[in-house]
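*Asks:* model the following, please.
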Amino acid sequence: MINQSTYADVARAAVELVLGAERAAIERAGRLLYDGLRAGGVVQAYGTGHSRAIALELVGRAGGLVPANQLGIRDLAYYGDASLQDLLDPKTERRPGLASRIWELAGIAPADVFVIISNSGGNAAIVEMARLAGERGHPVIAITSRAHTAEAAARERAAGRASDGVASGGRARLDGLADVVIDNGAPYGDAAVPLPGGGAVCPVSNLTGILIAQLLVAEVTGRFLAAGQEPPVYRSANTPGGDAHNERLLAAYGGRVRLGDA
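*Replies:* Sure, this is the predicted structure:
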């Protein structure tokens, strides 16, 4: 029988994986983020599909890092000349060439650090962004599913696709292009509870992805405090002095920090 307890058990296991086996990777990622922010960079958070929610978790929210910017396919319409209608197809993220167009609209600075989120790690818009960042010397932190990557690579090998030697076999994937890989604990296909007639329900990646995002914020904040520096953290705009505090910190970054989806 499928009920809330079925998913709760799977979710608990994924959370425990993040809080256990992935803590060292999160610590390494936090160090990269801190070093980039100390050098005047910002966090460039990027995801497509439902992974956009995890990128948004890092951007423009009370208790989050001020120097964090969300990149997305929608930037091509918000800041470029594409129409929103052109970008509504959910398969757009598979289209080659989008990442370089998003990059050109973003005003990337040398010290920026990329956090790229994708459960599958294989869509063109994700892989190309990770490659662009790495080729230009930016650290890349991946939040992805190792289980999905491994299964997808195995299926590609079984189908006889040629390997280019990147990532986990088969074609290039996010995990093979990142400096630090954080496993979100999600299964192949993300949905975690199998249905009797095939398929599955109840995804995992956003649950653990948002947890990972806030663990990264905690790591970075702790490093600022340990160095005797003010952490560049938003205060709630709904508290006294919140707007003035946030505006003071944002002023250092000008238009490089965009506050995410409206």
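
*Asks:* wait, residue 208 touches residue 182, no?
*Replies:* No - contact between residue 208 and residue 182 fails when scored by CB atoms under 8 Å: they sit 9.2 Å apart. For every residue, glycine as well, the C-beta is placed using N, CA and C.

*Asks:* need the overlap of contacts for those two.
*Replies:* Residues touching both residue 208 and residue 182 by CB atoms under 8 Å, 6 or more residues apart in numbering: residue 18.

*Asks:* which one's more surrounded, those two?
*Replies:* Summary of the neighbour comparison: residue 208 and residue 182, criterion other CB atoms under 10 Å, with residue 182 having more neighbours (28 against 25).

*Asks:* which residues are in contact with that one?
*Replies:* By CB under 8 Å, 6+ apart, residue 182 lies in contact with 18, 22, 25-26, 29, 141-144, 212.

*Asks:* for the residues you listed, which one is nearest residue 74?
*Replies:* Nearest to residue 74 among the contacts of residue 182 is residue 143, at 19.6 Å by CB to CB.

*Asks:* so what's that closest one closest to, chain neighbours aside?
*Replies:* In space, not counting the residues next to it along the chain, residue 143 is nearest to residue 117; the distance is 4.5 Å by CB to CB, 6 or more residues apart in numbering.

*Asks:* cool, and residue 96?
*Replies:* With CB to CB, 6+ apart as the criterion, residue 96 has its nearest non-adjacent residue at 4.7 Å, and that residue is residue 124.

*Asks:* residues of stretch 59-67 that come out buried?
*Replies:* Using 16 or more other CB atoms under 10 Å as the burial criterion, the residues of stretch 59-67 that qualify are 59-60, 64-67.

*Asks:* need the worst-confidence member of these.
*Replies:* For the buried residues of stretch 59-67, the weakest pLDDT value sits at residue 60, with 93.

*Asks:* ok so, going back, most surrounded residue in the contacts of residue 182?
*Replies:* residue 143 (34 neighbours).

*Asks:* just give me the longest helix of this structure.
*Replies:* With DSSP state H setting the assignment, residue counts place helix 205-226 as the longest helix in the chain.

*Asks:* tell me the buried residues in that one?
*Replies:* The neighbour-count criterion (16+ other CB under 10 Å) identifies 205-213, 215-217, 219-221, 223-224 as the buried residues of helix 205-226.

*Asks:* please apply the same query to stretch 105-113.
*Replies:* With burial defined by 16+ other CB under 10 Å, the residues of stretch 105-113 counted as buried are 106-108, 111-113.

*Asks:* repeat for stretch 127-143
*Replies:* Of the residues in stretch 127-143, those scored as buried under the neighbour-count criterion (16+ other CB under 10 Å) are 127-133, 138-143.

*Asks:* quick one: end-to-end distance for that stretch.
*Replies:* The first residue of stretch 127-143 is 13 Å away from its last residue (CA to CA, to the nearest Å).
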